[in-house]
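[1] Provided below for reference: sequence and predicted model.
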Amino acid sequence: MADAPPPSSSAAAPGPVPLLSLAEVEALARRAHSGQTDKAGRPYAEHLAAVAAGVRARGGSDEQIAAAWLHDAVEDGALSGEWLAGAALGEATKAMVLAVTKRAGEPVEEYTARILATPGALLVKESDLAHNADPARLAVLDAPTRERLTAKYARVRDLLGLR
């Protein structure tokens, strides 16, 4: 009697981990930022939703929309860099999130150069800046904060060539 052939190695090996859907990324981002508010005291998830909607409206890909939902997660400490590295996300999404993550003490020129060097990241940052600089959002802040942020956002837009 002949021996049975060994099981196929492909049958024994687990398949690739499926990537998180946009709905799953949104839910994750909302959970990660739950309880956080923006400078005007609004739920932080409103900003994330606006940035994701802005990316979608500007013709962004699903990877860019996912990055928009997560664009502040590492910077704000809502999720760790280690989590991001192992997350079921495409490499392009991970790269965009890291590109738009401002590092402590980092010169704005280095930050913007990284965004420009990372495919897809500029659209995410453009949508983020558009929402951050929205006059209706800024209007509720005190004058010194409003002026400081307006100048900051204008500088970043200039460095990114978004003027």
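    Right, received. Where do you want to start?
[2] in stretch 35-48, what counts as buried?
    38, 44-45, 47-48 (16 or more other Cβ atoms under 10 Å). All C-beta atoms are positioned from the backbone trio N, CA, C, and that covers glycine.
[3] How about stretch 147-160?
    By neighbour count on 16+ other Cβ under 10 Å, the buried set for stretch 147-160 is 149, 153, 156-157, 159-160.
[4] from those, which ones fall inside helices?
    Of those, the ones assigned to helices by DSSP state H are 149, 153, 156-157, 159-160.
[5] Centroid-nearest residue for the protein?
    Central residue of the chain (Cα atoms, centre = their mean): His71, 1.9 Å from the mean position.
[6] Spatially, what comes nearest to it if we skip its sequence neighbours?
    Nearest non-adjacent residue to His71, counting by Cβ to Cβ, 6 or more residues apart in numbering: Val100, 5.0 Å away.
[7] one step back: looking at the ones in helices among the buried residues of stretch 147-160, which is nearest Ala88?
    Nearest to Ala88 out of those is Leu160 (Cβ to Cβ; 29.5 Å).
[8] From Ala87, how far out is the closest one?
    Distance from Leu160 to Ala87, counting by Cβ to Cβ, to the nearest Å: 26 Å.
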